[in-house]
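Q: I would like to see how this sequence folds:
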Amino acid sequence: MLDWKKEYADKVVTMEAAAASIQNGDRFCIGGSAAIAVDFTNAVIARKDELKDVLFNATLSLRPIDYNEGMKDHVMLESYYSGPQERAARIMGVGTYAPVHFSQLDEYFLTGFPCNVVVFSVSPPDDAGWCNLGLVNPAIAYDLLQTNPRIILQINDRVPYVYGEDNFVHISWADMLIELNESPGYLAQAPATETDNKIADNIIDLIPDGACIQIGVGGTANAVAYRLESKKDLGVHTEMITESMIYLARKGVINGNKKQIHKNKITSGLMLGSQEMYDFCDRNPMIHLGRLSAMLKPHMIAANDNFVAMNNTLQVDLTGQACSESLGFDQISSTGGQLDFVRNARFAKNGKSILMLPSTFKDAEGNLRSRITAELLPGAAVTTPRADIQYVATEHGCVNLWGKSVNERAKLLISIAHPDFRSDLAARARKEHIMI
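A: Predicted structure coming up:
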């Protein structure tokens, strides 16, 4: 015990000193979202004029990073999941995006973005010198460590202690330690609209008692989750724990009793929400975090019977291709884990997947546009290929596309499009010989 404590004292440095260790050509990862090392990164960016060809990896930052056009060619961002800040960096010309499935993050960090420096926010060490990786870092920490990087630990006594696999790092592993006391990042819940509630009503009967669920974030996802109060013995195997899941766990609706693996556990790679949610997860044996690359492998998703994967999408064309991450060329989120769940939920016994979207949106000029279209917007990313898609739900209904011909798909999708667009969609489908 005394040895690691002395080692701890010897390794403590200031934030500025740690940032000064980043040199030309370095590739460093600062974690993601609630646990991102923002102050460290801003300290590196402040040195931009001294640096060349430095690349850092950040994901969905919930606190502001000092992106500026002067960073170009000095300190640049690469992200595998975008939020507003990552999008702003790309628009400035100081950031880029790497398409990668969450199930392949292990390969990505080995070959696509092999880091030589990692910065983790962790809990204070226990009596044996082990620190907990908290809310988010377990999702990627093990994969990052495979390249034997320099390790900088931010010791933060406000990091929750969360159980799971590969959730610990020892003081002896660290090259530098930074002591700080700051709140994790918070993600506000999106309120459910009337449209969200109608979509939820259209899919609720597809979720049986005892189902193991995965559900995304946003108003539609929240509308679905809060309607699950009438269900019994639900399990969770997901990429991100949300407020609605904690609400259902407190109600006893989510208990994991029927799961085949990780029984009685809520299993995930990370969690994002409020302080109240983080407090619930702190030292809670029901919560189990692990690597996204492991949790989202096919055999893990398919292992639980009655798996229901529910995800948002932005646009679906009449053949069933779904874009869930971009508006044309404008990358607004990520490939993430959607295809992992869509494809592999169906390998579970009685498994199914559902994509959810409002039938319309308003464009920049305020015109009502259909999200079900003859073709995707130019530049749109195909997140879920048409050969994988199963259920699609809007506020006008829910249809099963899997195994259907493009003729049948077009008819089904037009039936759940907004009524104002159905005749034009049908005419276009016939013109393009999609629909007979």
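
Q: Which positions in the top helix by length along the chain come out as buried?
A: If you go by DSSP state H, the chain has its longest helix at helix 419-431. Neighbour-count burial for helix 419-431 flags Phe421, Arg422, Leu425, Ala426, Arg428, Ala429 (criterion: 16 or more other Cβ atoms under 10 Å). C-betas here are computed from N, CA, C, even on glycine.

Q: pLDDT averaged over that helix - what is it?
A: For helix 419-431, the mean per-residue pLDDT is 98.

Q: what sits up against it?
A: Helix 419-431 is contacted from outside by 318, 359-360, 368, 370, 372-374, 396, 410, 413-415, 417, 435-436, using Cβ atoms under 8 Å, 6 or more residues apart in numbering.

Q: domains for the chain, by residue range?
A: With domains defined by automatic domain parsing, the chain comprises 2-180, 194-431.

Q: re the thing from before, among the contacts of helix 419-431, which lie within strands?
A: Among the contacts of helix 419-431, the members falling in strands (DSSP state E) are Thr360, Leu368, Ser370, Ile372, Thr373.

Q: still on that earlier bit, next one: the longest helix of the chain to chain centre, how far?
A: Relative to its chain's centre, helix 419-431 lies at 35 Å (Cα atoms, centre = their mean, to the nearest Å).

Q: got it, and stretch 405-423?
A: 30 Å.

Q: same question, stretch 264-280
A: Offset of stretch 264-280 from its chain centre (Cα atoms, centre = their mean): 13 Å.

Q: Flag every buried residue along that stretch.
A: Within stretch 264-280, the residues scored as buried using 16+ other Cβ under 10 Å are Lys265, Ile266, Thr267, Ser268, Gly269, Leu270, Met271, Leu272, Gly273, Met277, Tyr278, Phe280.

Q: How many residues are close by the residue nearest to Asp166 when sequence neighbours are not counted?
A: Excluding the flanking residues, the one nearest Asp166 by Cβ to Cβ, 6 or more residues apart in numbering is Tyr142, at 4.0 Å. Residues within reach of Tyr142, counting by other Cβ atoms under 10 Å, total 20.

Q: my guess is Tyr142 contacts Leu289, does it?
A: No: look at Tyr142 against Leu289 with Cβ atoms under 8 Å: they stay out of range, at 11.2 Å.

Q: Low-confidence ranges, the chain, go.
A: 1-2 (pLDDT under 70).

Q: you'd agree Val119 is up against Cys29?
A: Yes: counting by Cβ under 8 Å, Val119 touches Cys29, with 7.0 Å between them.

Q: which neighbours do these two share?
A: Counting by Cβ under 8 Å, 6+ apart, Val119 and Cys29 have no common neighbour.

Q: The stretch 1-150 of the chain: helices as residue ranges?
A: For the stretch 1-150 of the chain, applying DSSP state H, counting those that start in this stretch gives helices covering 2-11, 15-19, 38-45, 84-92, 105-107, 141-144.

Q: For those helices, give me CSV that also has distance to Lys258.
A: As requested, the helices of the stretch 1-150 of the chain are exported to CSV (distance: least, Cβ to Cβ, whole Å):
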stretch, distance to Lys258
helix 2-11, 42
helix 15-19, 47
helix 38-45, 40
helix 84-92, 38
helix 105-107, 29
helix 141-144, 28
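
Q: for those, which one sits closest to Phe168?
A: For Phe168, the closest of these is helix 141-144, at 9.1 Å, according to Cβ to Cβ.

Q: ok, Ser334 - contacts?
A: Ser334 sits next to Tyr80, Tyr81, Ser82, Tyr97, Pro99, Glu325 when contact means Cβ under 8 Å, 6+ apart.

Q: how close does the closest residue to Val117 other than its chain neighbours get to Thr267?
A: Spatial nearest neighbour of Val117, chain neighbours left out: Phe28 (3.7 Å); criterion: Cβ to Cβ, 6+ apart. Plainly put, Phe28 is 29 Å away from Thr267 if you go by Cβ to Cβ, to the nearest Å.

Q: Please apply the same query to Ala19.
A: In this structure, Ala19 and Thr267 are 35 Å apart, going by Cβ to Cβ.

Q: and of the contacts of helix 419-431, the nearest to Asp388?
A: Nearest to Asp388 among the contacts of helix 419-431: Leu413, at 15.5 Å, using Cβ to Cβ.

Q: who touches the nearest residue to the closest one once chain neighbours are set aside in this structure?
A: Spatial nearest neighbour of Leu413, chain neighbours left out: Ile372 (5.2 Å); criterion: Cβ to Cβ, 6+ apart. For Ile372, the contact set (Cβ under 8 Å, 6+ apart) comprises Gln315, Val316, Asp317, Leu318, Ser359, Thr394, Leu413, Ile414, Ile416, Ala417, Phe421, Leu425.
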